[in-house]
Each structure stands twice: as structure tokens, then as C-alpha cells.
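Kindly return the folded structure for what I paste below:
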Amino acid sequence: MKKMVMAAGLLMAVSAFAQFGGFGGPQGGGSVPDADKTADVNYAGDGKTYHTLDIYIPKQAKDSYPVVIHTYGSAWSSNNMKGSADLSTICAAYVKAGYAVVTPNHRSASDAKYPAQLHDIKAVVRFVRGNAAKYKFDTNFVAVSGFSSGGHLSSLTATTCGLKEGKSGSVTVDLVGDLGEFTSFSSCVDGAVLWSPPTDIYTMNPISMGGSGTMEGAFIGVEREGNKDKWMVASSPYYASDDDPPVIIFHGTSDQVVNIEQSQELYDSLKNHNVVTEFVKVSGGSHGGDKMNSSENLAKAVAFLDQAREAKAAAVVVPPDTTAQDTSKQDTSSVTPPDTSKQDTSITSIPVLHSLASSPVTYRVYSLDGTLVMKSSTLDLSRLKPGVYYVESATRNGSRRVFRYAKR
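Residues are numbered from 1 along each chain as shown. So this is what the prediction gives:
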């Protein structure tokens with residue numbers, strides 16, 4: 001659904017590119033109030049500046065903090081902009097809400113071609129899990145966030161969980177990489193907040209580099225014409241699936257740099273797979289700036305993360321080998337999810353839930369946003385659309401269990 005850009009619109013886009021550095025937009029620097037900062041930590045162990053990150057821990061003392069990894073926008077053209085990653089706006093809102101914030105650098109298009117940048121962000125996710133005790137990270141909830149091209153990398157991180165390779169036609173790319181010392185840990189995330197993101201590189205309005213190709217072509221390594229498959233494997237709507245984490249997208253209706261159809265395409269793809277997702281169209285919003293980073297939008301982003309975190313905490317993941325056991329007399333209402341930090345997915349398919357209890361049971365099935373979609377004494381899973389659900393079974397003797405169920 002590629003849209004043609006009229007001359008005036010293209011001039012505005014090029015002007016924005018010249019002013020803000022690609023799709024970077026007016027991110028601003030500043031600082032994160034009420035946070036203790038640890039700067040320039042190398043997450044790859046290679047001493048490279050483009051593999052460093054900053055950590056912001058809320059000053060409010062707690063045993064641990066859920067984590068948001070926020071990535072700057074630069075049209076993939078900068079390898080050292082973590083100090084300008086929406087610190088006083090988006091990052092400050094996350095910290096104020098009690099989240100630890102990690103702002104990474106990543107390789108630019110001139111350092112390496114895609115998927116190197118995705119490997120970098122996934123290495124950051126693994127670094128967070130591998131350093132949970134050192135930095136008081138609560139790895140039960142690790143989310144990604146990003147503006148513009150940082151939103152693109154975050155969208156890919158969210159939609160490629162569990163996939164080792166991306167394939168389109170004759171093209172195959174490694175989606176995980178082996179960067180850093182924590183390769184045994186999962187690079188999956190539990191939520192994503194995307195700000196003005198390009199998502200489908202193949203269909204987006206290209207940003208010219210002034211007669212020497214496009215920013216997208218520099219990122220991929222080849223221009224679009226005749227190279228559809230190479231561009232498709234860098235496009236997050238292509239990877240959307242039923243078990244993707246919750247995703248919220250913010251995009252301005254007056255964005256002249258990244259067309260709003262980019263967010264619409266990802267949103268539609270996620271909805272088609274019954275993923276918990278929201279699309280906030282910011283009236284009059286441009287590419288970054290005050291309207292996008294309004295207090296209302298920042299509050300929506302935080303509320304969405306809070307809801308995703310609470311939903312995950314309510315679930316108990318049942319290993320496949322327990323699905324045929326009679327557990328009706330086990331009171332598991334206080335059971336907490338097992339440590340899935342080293343697993344590539346915490347979704348377990350449970351084909352026969354009603355065999356778990358011999359006494360009368362009431363089943364309640366909830367979508368990930370907490371909506372009750374079924375209540376019955378018999379569980380007919382065929383009535384559910386593909387997607388991820390929480391299933392609560394409660395017996396008359398008071399015992400209950402909660403399951404996370406993925407129907408594909």
C-alpha cells in the first residue's frame with residue numbers, strides 16, 4: 001500500500017531530515033530526573049562506543065525494578081546518540097513510574113548493515129537479563145521502547161521473539177546474533193512502546209540522501225528496486241504472530257518524515273493475530289516534539305506497560321508434561337511464574353485443560369487486556385480465535401489455577 005509522495009511533502013521530509021538527522025526528529029537531550037545514572041557500560045565486551053549503554057535507576061529504593069530499553073531515532077545513521085534518547089520526556093516518564101531505563105547505542109548503517117542493529121538491541125535485552133542482580137533489574141518484565149528508527153528496531157525485537165531466522169523468498173537473515181557474553185539468555189521482551197516508527201521498510205515513503213540513494217537503502221545495503229525480499233526481512237509487520245507481546249504505537253497525523261500508514265500497517269497486522277495492541281493517532285502531531293511527548297501520551301504509555309506487566313504477573317505457565325495430571329486439589333492461587341529468563345518463549349499451548357480437574361470446575365477465559373471472553377463449566381477452546389489468553393479454572397473446593405494459553 002505504498003503511497004506516492006507529492007513534491008511539497010517530499011521537500012518537507014528532506015527538510016526534516018536535514019534538520020534532525022534522518023528520522024531522528026527533535027528528541028532533545030537533557031537528563032532523567034530522580035534517577036541514578038550509570039554511564040557508558042559496554043554490553044558487548046568489545047570496547048566499542050557503539051556498544052555502550054546508560055542505565056537510569058529510580059531513586060525510590062526498591063529491591064528491583066522492571067525495565068524499559070529505549071532506543072533513539074537517527075535513521076540508523078548514528079552510533080552514539082544515547083545521550084539524546086528522549087531523556088527528559090519519554091525516559092523520565094518511565095523512571096517516574098518506577099521503571100529502570102536503559103538507553104543503548106547501536107551500530108549505524110555505515111558501521112554495518114541490517115540485521116546488525118537488531119543484533120545490538122537483542123544483545124542489550126540479554127545483557128539486562130544477565131545483569132539482573134548487579135543493577136537490580138526485575139527481569140520478569142523487560143520492555144522495549146523507541147522513537148523513529150529506534151521504534152523500528154524495537155518493533156522488530158518485539159515481533160521476532162523465538163525466531164532464529166527471517167526468510168523471504170531466497171533471502172535468509174539471522175535475527176538473533178551472538179553478540180555479548182549472555183547468549184544463553186532470552187532476547188524476547190514483554191511489551192513494546194513505539195513512537196513514530198517506520199515498520200514496513202518496503203512500503204514506506206523513502207527518505208532521500210540527496211541524490212546518493214535513500215536512508216533505507218543505506219541501512220539494508222541495497223536500494224529497493226529489485227530487492228524486495230531483502231527489505232521484507234527488515235519489516236516488522238511481516239513477522240507479526242499470535243504470541244507477540246503487547247504493543248502500543250504513537251504516531252502523529254501530520255508526520256511528514258515517517259508516514260502514519262507505517263504504524264497503521266503494523267497495528268493491523270498485530271490485530272489480525274489477536275495481539276494486545278493500541279494505536280494512538282496524535283492529532284496534528286509531527287515527527288517527535290511536544291504534541292507527541294504530551295503528558296497525556298506519556299501517561300498512556302506508562303499505563304499500557306503497567307497493564308502488560310500486571311497481566312504477565314497474573315499468569316502461571318504450565319509445562320507441557322503436566323497437562324494430563326489431576327491437579328484439582330492443588331491450591332496454586334499464590335503460585336508465581338517460573339523463571340523464563342533463559343527461555344525464548346514463555347507461551348505454553350495447553351490442548352486439554354478440562355482434564356485437569358475431576359471435580360466441578362468453572363472456567364473463565366480472559367484476553368491479555370483483561371477482557372472476559374468466556375465463562376463456562378466446559379471449556380470449548382474451538383470457540384476462541386487464534387491468540388493468547390489467560391484461562392482460570394476454579395473448583396468448588398476453592399482451588400484455582402491460572403494458565404497462559406496460546407492458540408495458533
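
residue ranges for the strands of the stretch 101-250 of the chain, please.
For the stretch 101-250 of the chain, the strands defined by DSSP state E, counting those that start in this stretch occupy 137-147, 165-168, 171-174, 191-195, 247-252.

what's the most buried one of those strands?
Among the strands of the stretch 101-250 of the chain, strand 191-195 has the highest mean neighbour count (mean count of other CB atoms under 10 Å), at a mean of 30. Placement of C-beta: from N, CA and C, glycine included.

and that strand, what other elements does it pack with?
Applying 3 or more CB pairs under 8 Å, 6 or more residues apart in numbering; DSSP states H and E, one finds that strand 191-195 contacts strand 137-147, helix 149-159, strand 247-252, helix 295-313.

which residues sit against that strand?
When contacts are defined by CB atoms under 8 Å, 6 or more residues apart in numbering, strand 191-195 is touched by residues 68, 86, 90, 141, 143-148, 151, 154-155, 157-158, 245-251, 263, 266, 288, 292, 301, 304-305, 308-309.

Give me the contact list for stretch 265-282.
For stretch 265-282, the external contacting residues (CB under 8 Å, 6+ apart) are 1, 155, 194, 197, 199-200, 203, 236-237, 240-242, 244-253, 260, 263-264, 291-292, 294, 297, 300, 304, 308, 311, 367-369, 385-388.

next one: it to chain centre, how far?
What separates the centre of stretch 265-282 from the centre of its chain is 13 Å, taken as CA atoms, centre = their mean, to the nearest Å.

That one: which residues count as buried?
Going by neighbour count (16 or more other CB atoms under 10 Å), the buried part of stretch 265-282 is 265-267, 269-270, 273-280, 282.

From these, pick the one nearest Ser212.
Glu265 (27.5 Å; CB to CB).

With pLDDT and secondary structure as added columns, please give the buried residues of stretch 265-282 in a markdown table.
Compiled in a markdown table, the buried residues of stretch 265-282 are given as follows (pLDDT from 0 to 100; DSSP: H, G, I helix; E, B strand; the rest coil):
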| residue | pLDDT | secondary structure |
| --- | --- | --- |
| Glu265 | 98 | helix |
| Leu266 | 98 | helix |
| Tyr267 | 97 | helix |
| Ser269 | 97 | helix |
| Leu270 | 95 | helix |
| His273 | 89 | coil |
| Asn274 | 84 | coil |
| Val275 | 90 | coil |
| Val276 | 90 | coil |
| Thr277 | 94 | strand |
| Glu278 | 96 | strand |
| Phe279 | 98 | strand |
| Val280 | 98 | strand |
| Val282 | 98 | strand |
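
nearest to Gly217, of the strands of the stretch 101-250 of the chain?
Gly217 lies closest, by CB to CB, to one member of these: strand 171-174, at 15.3 Å.

Quick check: neighbours of that closest one in the sheet, parallel or antiparallel?
Partners of strand 171-174 in the sheet, by DSSP bridges, are strand 165-168 (antiparallel).

Send me stretch 271-287 as CSV with only the CA atoms.
Taking Å, rounded to 0.1, in the frame of the first residue of the first chain, the C-alpha atoms of stretch 271-287 are listed here in CSV:
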residue,chain,number,x,y,z
LYS,A,271,-4.7,-7.1,15.4
ASN,A,272,-5.1,-9.8,12.7
HIS,A,273,-3.1,-12.1,15.1
ASN,A,274,-5.1,-11.0,18.2
VAL,A,275,-2.1,-9.4,19.8
VAL,A,276,-2.9,-6.8,22.5
THR,A,277,-2.2,-3.6,20.8
GLU,A,278,-3.3,0.1,20.8
PHE,A,279,-2.8,2.8,18.1
VAL,A,280,-2.8,6.4,19.3
LYS,A,281,-3.1,8.8,16.4
VAL,A,282,-1.9,12.1,17.7
SER,A,283,-3.9,14.9,16.0
GLY,A,284,-1.5,17.4,14.5
GLY,A,285,1.5,15.6,15.8
SER,A,286,4.7,15.8,13.8
HIS,A,287,7.8,13.6,13.9
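
Least confident secondary structure element in the chain?
In the chain, the helix or strand scored least confidently by mean pLDDT, DSSP states H and E is helix 7-20, which has a mean of 36.

Got a PyMOL select line for the buried ones in the contacts of stretch 265-282?
Buried subset of the contacts of stretch 265-282, written as a PyMOL selection, criterion 16+ other CB under 10 Å:
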select buried, resi 155+194+197+199+200+203+236+237+240+241+242+244+245+246+247+248+249+250+251+252+260+263+264+291+292+297+300+304+308+311+367+368+387+388
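
how about the helix or strand harbouring Val95: buried residues?
Using DSSP states H and E, the element containing Val95 is helix 92-96. By 16+ other CB under 10 Å, the buried positions in helix 92-96 come out as Ala92, Ala93, Tyr94, Val95, Lys96.

if I pick the first one, what's in contact with it?
Which is Ala92. Ala92 neighbours (CB under 8 Å, 6+ apart): Val32, Pro33.

Also the second one?
Neighbouring residues of Ala93 by CB under 8 Å, 6+ apart: Leu298, Ala299, Ala301, Val302.
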